[in-house]
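J.: can you look at this prediction? I've put the sequence above it.
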Amino acid sequence: MDRMKVGILAYGSFIPDPGWEIENARTRIIRDVETPFCIEFARKSKGRMGAPTLVPVEVGGARVRGQVFEMNLSEKEATDVLYRREINKVGSDKKYKRPDTPGGDSVLVERIPDFAGLDVVLYTKIAANIDKLTPDKLACYAICSVTKNNLGRDGITYLLDAKKARIQTPLSADYEAAILRRTGCETLEHAREQLLES
């Protein structure tokens, strides 16, 4: 019997930074795959000092272009490496166990059967936790997340990475404009530099 073909769905900051475990087990990249769900900057991330991050949403958002990494792993192994990447424990022996009663901060690994030419594709799902999304609210969270102690893990860097990955949600343009307006800058790069100097 042939081994099941397993993939991991990546979008946003995941594409340039999948972590070494996933990179080492990745055998192929399937590009320009549309997410089968909508995403938006709807979660404040503790690991990014409260910066807004992209998560699947039930209302609003947009389907975006991502990539699927075909993995030389079993479904269980791929689930574990994906989970470790999401909780910033790459290289540890942490294993995924689905919570009996998922809470607002639970990291869930979901599966999509027969997707992108593979038998199963995995992705992580974490609940949105920003109420009443507005560009100004997102900009405020992003700006507050830029500190010298958080280099590269801030909301402006995250938004820049999303732009480089050609991710556009209904809030993206106005979110960027709100950051520039609040900082008095013309580019996100300049805004980040200015905030780090202040």
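T.: Perfect, I can see it now.

J.: which stretches of this structure form strands?
T.: Along the chain, the segments classed as strands by DSSP state E run 6-10, 26-34, 38-45, 51-57, 65-71, 108-115, 118-125.

J.: nearest to Asp154, of the ones you listed?
T.: Closest approach to Asp154 among the strands of the chain (C-beta to C-beta): strand 51-57, 5.5 Å. Bear in mind the C-beta positions are built from the backbone N, C-alpha and C, glycine included.

J.: okay, now the sheet partners of that closest one, with direction.
T.: Paired with strand 51-57 in the same sheet, following DSSP bridges, are strand 38-45 (antiparallel).

J.: now do the buried residues in the partner strand.
T.: The neighbour-count check on strand 38-45 (16 or more other C-beta atoms under 10 Å) flags Cys38, Ile39, Glu40, Phe41, Ala42, Arg43, Lys44, Ser45 as buried.

J.: kindly report the same for stretch 22-38.
T.: So stretch 22-38, judged by 16+ other C-beta under 10 Å, has buried residues Ile22, Ala25, Arg26, Ile30, Val33, Thr35, Phe37, Cys38.

J.: any idea how far Gly19 is from Val6?
T.: Using C-beta to C-beta, to the nearest Å, one gets 16 Å for the distance from Val6 to Gly19.

J.: the two - which one has more neighbours?
T.: Higher neighbour count among Val6 and Gly19: Val6, with 23 against 17, using other C-beta atoms under 10 Å.

J.: okay, now the unreliable bits of this structure?
T.: 1-2 (pLDDT under 70).

J.: chain neighbours aside, what residue packs nearest to Gly66?
T.: Tyr11 (3.4 Å; C-beta to C-beta, 6 or more residues apart in numbering).
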